[in-house]
Each structure stands twice: as structure tokens, then as C-alpha cells.
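1. Have a look at this prediction, sequence included:
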Amino acid sequence: MHESELKLGAILGRRRWWLLAGTLLMVLSLIAGTALLGLSGWFITASALAGLGVIASLDIFTPGAGIRLAAVVRTVSRYLERLITHEATFRLLTDLRGQVFGRLLQLDEYQLRGLRRGDTLNRLTTDVDTLDHLFIGVAGPTAAALMLTMAVAGLFGILLDAWTALAVLGLLLVNPALAELSRRRGHRASHQLVETLPELRREASESLESLSDLVAYDRVPAQRQRLLEVSARVIGLQEKLARLDALSQGLVTMTGFLAVWAVLVLSIGLFQQGLISGPVLGLAVLTTLGLGEAWQTLPGAWRKLEQCRGAHRRIAALTAAGPGLPVAEQPRTAAGNDLVVDNVSFRYRPELPRVLDGFNLRVAGGERIALIGPSGCGKTTLAQLIMRQLDPDEGRLLLGGEDLRRLEPASLRRHIGLLSQHPMLFHDTVARNLRLARPEASDEDLGRALAIAGLANFMDGLEHGLETWISEAGGNVSGGEGRRLALARLILTDCPVVILDEPTTGLDRETALGLAETLDQWLGSRTAIMITHDPDTLPRHDRRIRMG
Ligand SMILES: Nc1ncnc2c1ncn2[C@@H]1O[C@H](COP(=O)(O)OP(=O)(O)OP(=O)(O)O)[C@@H](O)[C@H]1O
């Protein structure tokens with residue numbers, strides 16, 4: 001098993017005391033509920049018999065106190081049980097999400113590209129939630145129902161006789177078999193549902209994201225049709241599983257009533273023989289009725305085990321994607337600002353042609369170069385190799401004379417900064433989006449970075465200034481403004497080496513030239529690689545390198 005693979009057992013083990021406390025409280029509340037019914041049965045029968053004059057006197061205080069106690073214990077233990085199991089759930093969710101998210105953070109650019117955003121989100125949310133059902137819905141209640149059944153059978157063995165105890169055990173222990181049967185019958189549909197539900201969410205989110213394109217190409221009806229088809233498949237599976245749940249729940253209810261009936265028949269026999277009193281008979285029957293209820297929800301819950309397994313598989317697949325790029329045993333700290341690309345070859349997959357084939361480049365410390373070339377010639381790929389988001393198949397990349405593979409990743413990140421082609425802005429304030437680069441930056445620092453990025457006027461127009469919220473993926477800022485916000489973020493990092501992937505794209509010529517001027521000052525003695533299709537709008541640079 002890979003070290004970073006999902007360790008469900010370990011996660012459950014870490015929270016074992018919470019889970020145990022939850023199960024014990026579940027048992028206590030079930031016992032109190034069943035005792036409440038049983039004592040009520042005893043009390044009602046005894047009162048009726050006293051009313052008929054069959055029994056001479058009736059002690060109403062002892063059973064009355066018992067009923068009150070059972071009612072209070074049931075309420076309190078159920079409340080505490082909810083509190084504890086919910087707390088346990090949140091802790092389990094935190095552990096699970098933490099582990100899955102931690103694993104995602106280790107993925108490199110190449111592995112991340114293989115993930116579809118909607119699908120990953122699904123695994124992080126729905127699948128993790130489904131897994132959490134494992135304890136709350138299945139393990140805890142099953143253990144509680146089993147323990148209660150054993151306890152009641154023991155009680156019947158003492159109060160009534162061995163046959164009644166065995167009848168209760170025999171009939172109610174059919175329930176786990178019914179639950180298992182329901183799990184097996186729902187196996188395929190449950191697995192299909194785990195796969196189809198994310199497909200539906202993915203289709204829905206992608207339809208919304210690409211709505212303007214779909215409208216422009218008049219593809220809305222076709223997309224709607226696709227959505228409806230997936231939705232119909234989901235509904236079909238859910239219907240199938242709901243029918244199975246109803247059937248198995250009906251069967252469990254039947255075994256519960258069969259047990260009540262068996263206890264009634266057997267204890268009438270005992271009563272006739274004078275071995276038990278009428279109130280005990282009432283107690284036995286109603287206790288069995290209460291006991292049957294403890295099993296009610298289990299077949300559905302067991303059936304969902306299959307969904308848990310599917311969810312586990314999907315999350316495990318996400319977390320088990322091989323390790324990211326290897327890190328040297330004793331990594332060095334990045335030092336020196338000169339960059340060498342030495343005979344580098346790279347292809348994305350073995351079956352694809354080489355994007356770079358024996359590529360060479362030397363950039364001296366403090367030198368600025370413009371990298372130009374036709375679309376698809378590998379400029380962005382080269383930037384990612386320099387950032388060590390990818391490793392070359394052949395050749396090496398050196399920073400300050402040291403192979404990038406020997407450098408500590410965090411130190412490399414502090415040393416080389418990248419303005420990517422599609423920078424990400426978070427649904428957060430301008431200030432927090434910028435402070436991602438430097439948490440301790442003052443408002444003045446942010447203002448300076450924004451001014452260098454040519455956003456002073458833009459900021460003046462914002463009512464809440466730095467505290468203005470940017471909606472998800474930069475929805476309320478224009479493409480050009482979003483890229484310049486990301487540029488301001490890069491400026492805050494203060495890295496001595498920077499790669500700017502098309503810094504002036506999306507800007508009109510006048511703005512681009514203005515930005516080039518302020519950037520020129522900021523770049524100062526930094527080493528800079530500027531990727532562009534229009535080198536005339538770039539800040540001053542020493543050389544132009546043509547790729548492709
Ligand atoms: N993840 C990937 N998997 C497979 N091929 C890829 C991947 N990313 C890029 N490519 C391919 O690699 C080649 C180089 O892409 P790259 O993005 O580096 O080009 P570029 O020169 O930056 O292009 P542009 O100027 O349009 O940004 C292209 O043919 C592209 O299709």
C-alpha cells in the first residue's frame with residue numbers, strides 16, 4: 001500500500017473513543033426506549049388486572065419511577081448520543097478531508113491536469129460524506145442492535161424461559177442476514193449510483209460554466225438532453241434501490257412482529273402454567289416490540305455500505321496517484337540567479353511527440369529575455385520545467401549551477417516566481433488574494449504592488465478598496481484586471497527570478513506600454529523570462545529568443 005494511500009482503518013482508529021462513546025450511548029438510548037415500552041406494558045397490564053380485581057393491590061410507585069427514569073435516560077442519552085456521534089462525524093470528516101486534501105496538494109502540475117475539477121470536488125465532498133456513513137449509519141447501530149438483542153434475550157432467559165429467549169434470538173438474528181442480502185442485491189445498482197451521481201454533477205456544473213458558449217453555438221437543447229439522460233439514469237437507480245430498501249425494511253418489520261407473536265404465544269403458555277404473572281407477560285410483549293424497532297433502519301444502512309465502498313475506491317484512487325516529483329534526500333537551498341537549460345527533452349506522454357527536443361538556453365543572473373515563438377511550440381512547458389512543475393525526460397535545468405532536482409521545493413518556490421497564463425483568483429477579498437504571496441504584507445505594500453501592476457485607477461474605483469470581494473475565479477473583474485491582480489501578487493513575492501507568461505495579454509496597447517514601464521522599474525536587477533507573442537509591449541529586455 002502506498003504511504004499516502006487512504007488509511008480508513010487508521011482514521012477510524014484515531015477516533016475510536018468517540019466512536020465507542022457514541023455506540024455506548026446508542027445502546028443506552030435503545031435500552032431505555034425498550035425498557036420504557038416494556039415497563040409500560042407491565043404497568044398497563046397490572047393496572048387493568050387491578051381494575052378487574054384479579055390482583056389485590058398494585059404498587060404504582062416502583063414502575064412509575066422506572067418509567068420516568070427510562071424516559072429521562074432515553075431523552076438524555078439520545079441527546080448526548082447525537083452530540084457525540086455528530087462530533088465524531090465532524091472529526092472523521094476533518095481527518096478524511098485533511099488526508100485527501102493533503103494528498104492533492106502533493107500532486108504536481110502534470111497529475112493535476114489529469115483531474116477534472118468537478119470530479120475532484122465531488123470526491124472531496126460527496127464521497128467523503130458517504131464514507132462517513134460507514135460508522136454513523138452502519139457500524140454503530142448494528143453493534144447497538146446486536147447488544148440490545150443479546151441483553152433482552154438474557155433478560156427473557158431469566159424472567160421467562162430459555163425457549164422464549166431462543167425464539168427472540170433466532171428470529172431477530174435473521175435481520176443481519178436480511179441486511180446482508182439487501183446489500184448484495186443492491187451491489188451493482190449502488191456501485192453504478194456512485195459513478196453516475198458524480199457524472200450528473202459534472203454535467204450540471206460544466207453546463208453552467210460553459211453556458212455562454214452553449215447559447216452561442218445553440219447547443220443548449222442538446223446539452224439539456226444529455227443532462228436529462230444522466231438524470232434519468234440516476235433516478236432509475238435510486239428508484240431501484242428505494243424499492244429494495246422498502247422490501248428489506250418490510251421483511252425486518254415482519255421478523256420483529258413474528259418475534260412479538262412468538263413471545264406472546266410462548267408467554268401465554270407460561271402464564272397458563274402459572275410460571276409468570278400477567279404484567280410480566282405484558283412487559284415481555286412490549287419489550288419485544290421495542291426491540292424490533294432497533295433493527296428497522298439497518299438493511300438500508302447496510303445496503304449503503306456498497307456506496308461507501310465505491311466512495312472509498314474513488315477517494316483511494318485520488319489519493320493513491322503516485323508520488324509527485326521526487327525530492328532529493330538532502331535538498332539544497334536555492335542560491336544564484338542564473339539559469340541554464342541544458343539539452344532538455346520533454347514529452348507529456350510516451351505516445352505524444354516531443355514538445356522540447358534537446359533544447360538549450362542560458363540566462364545570466366539579472367538578464368532579461370523575451371521568449372517568442374508560435375503557439376504550441378512549448379513556451380509554457382518550458383516555464384513549467386523551470387518552475388519544476390514538470391521534470392525533463394532528458395537533460396537538466398540548473399539554477400545557480402545546481403540541478404533543480406537537488407533543490408528543496410519550498411526554497412525553489414521562494415526563488416522563482418511565475419505569472420501563469422491562467423492565474424487563479426480566489427473567492428475572497430483583494431487583500432487576502434494578494435497576501436497569499438506574503439501574509440505579513442502591509443496595506444501600503446499591497447498598494448505599491450497594485451500600482452506597479454497598473455491597477456491604481458482600478459483600485460480607486462472600488463468602494464471597499466482592498467476589502468472588495470472578488471467572486472469565484474475572478475468573475476467580477478475583467479480578464480485583464482484579473483491577470484494584473486495576479487501580477488501584483490507575484491510582485492509581492494519579491495522573487496529574484498521571475499517568469500512572466502504573457503504579462504501584457506488582454507491589455508490595450510496603451511495600457512500594455514504603461515505596464516511595461518512600471519514593470520521595467522520593478523524588475524530592476526531580477527532575472528526575467530518573459531513569454532510573449534508581442535515583444536514590443538514588453539518591459540526592456542536584453543535578448544529575444546525564438547522557439548520552434
Ligand atoms: N498536459 C498536456 N498533455 C499533453 N499535451 C500537452 C499538455 N500541455 C500542453 N501540451 C501540448 O504541448 C505543446 C506545447 O504546449 P505549450 O502550452 O507549452 O505551448 P505554448 O508555446 O506555451 O503555446 P501558447 O503560445 O499557445 O501558449 C502543445 O502542442 C500542447 O498541445
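-> That came in fine, so what should we check first?

2. Can you name the helix or strand that Gln192 falls in?
-> In the assignment (DSSP states H and E), Gln192 maps to helix 187-209.

3. ok, now which ones touch the closest residue to the ligand within the stretch 401-548 of the chain?
-> Here the residue of the stretch 401-548 of the chain nearest the ligand is Gln421; by CB to the nearest ligand atom that distance is 6.0 Å. Where C-beta positions appear, they are placed from N, C-alpha and C, glycine not excepted. Contact analysis of Gln421 by CB atoms under 8 Å, 6 or more residues apart in numbering lists 380, 501-502, 505.

4. Among those residues, which lie within strands?
-> Those of these mapping onto strands are Asp501, per DSSP state E.

5. Within reach of the ligand, which of the contacts of Gln421 are there?
-> Thr380 (CB under 6 Å from any ligand atom).

6. What helices and strands are in contact with whichever strand or helix holds Tyr79?
-> Per DSSP H and E, Tyr79 falls inside helix 61-106. In terms of contacts (3 or more CB pairs under 8 Å, 6 or more residues apart in numbering; DSSP states H and E), helix 61-106 is packed against helix 8-14, helix 16-52, helix 128-133, helix 298-320.

7. and the angle for it with helix 16-52?
-> Going by axes from the mean of the first three to the mean of the last three CA atoms, to 10 degrees, helix 61-106 is angled at 160 degrees with respect to helix 16-52.

8. Tell me how far helix 61-106 lies from the chain's centre.
-> Averaging C-alpha positions (CA atoms, centre = their mean, to the nearest Å) puts helix 61-106 21 Å from its chain's average.

9. Could you do stretch 376-386 as well?
-> On the basis of CA atoms, centre = their mean, stretch 376-386 sits 32 Å off its chain's mean C-alpha point.

10. I'd like to know which of the helices and strands packed on helix 61-106 has the weakest mean confidence.
-> Sorting the helices and strands packed on helix 61-106 by mean pLDDT places helix 128-133 lowest, at a mean of 72.

11. mind listing what's buried in that helix?
-> Neighbour-count burial for helix 128-133 flags 128, 130-133 (criterion: 16 or more other CB atoms under 10 Å).

12. Same check on stretch 83-91?
-> Applying 16+ other CB under 10 Å to stretch 83-91 flags 84-85, 88-89 as buried.

13. Of the residues you listed, which is the nearest to the ligand?
-> Thr89 (37.9 Å).

14. wouldn't the closest one be in contact with Ile136 here?
-> Yes. With contact defined as CB atoms under 8 Å, Thr89 counts as touching Ile136 (5.7 Å).

15. Tell me the confidence at the closest residue to Ala204 other than its chain neighbours?
-> Spatial nearest neighbour of Ala204, excluding adjacent residues (CB to CB, 6 or more residues apart in numbering): Leu227 at 6.4 Å. Per-residue confidence (pLDDT) for Leu227: 92.

16. Which residues are in contact with Leu227?
-> 200, 203-204, 207 are the contacts of Leu227 under CB under 8 Å, 6+ apart.

17. Counting neighbours, what do you get for Pro176?
-> Number of residues near Pro176 (other CB atoms under 10 Å) recorded here: 17.

18. so what's the backbone phi/psi at Glu394?
-> Phi and psi for Glu394, reported as degrees, to the nearest 10, are phi -140, psi 160.

19. Run through the bridge partners of it.
-> On the basis of DSSP bridges, Glu394 is bridged to Ser345.

20. Pretty sure it sits against Arg347.
-> No. If you go by CB under 8 Å, Glu394 and Arg347 don't touch, sitting 10.0 Å apart.
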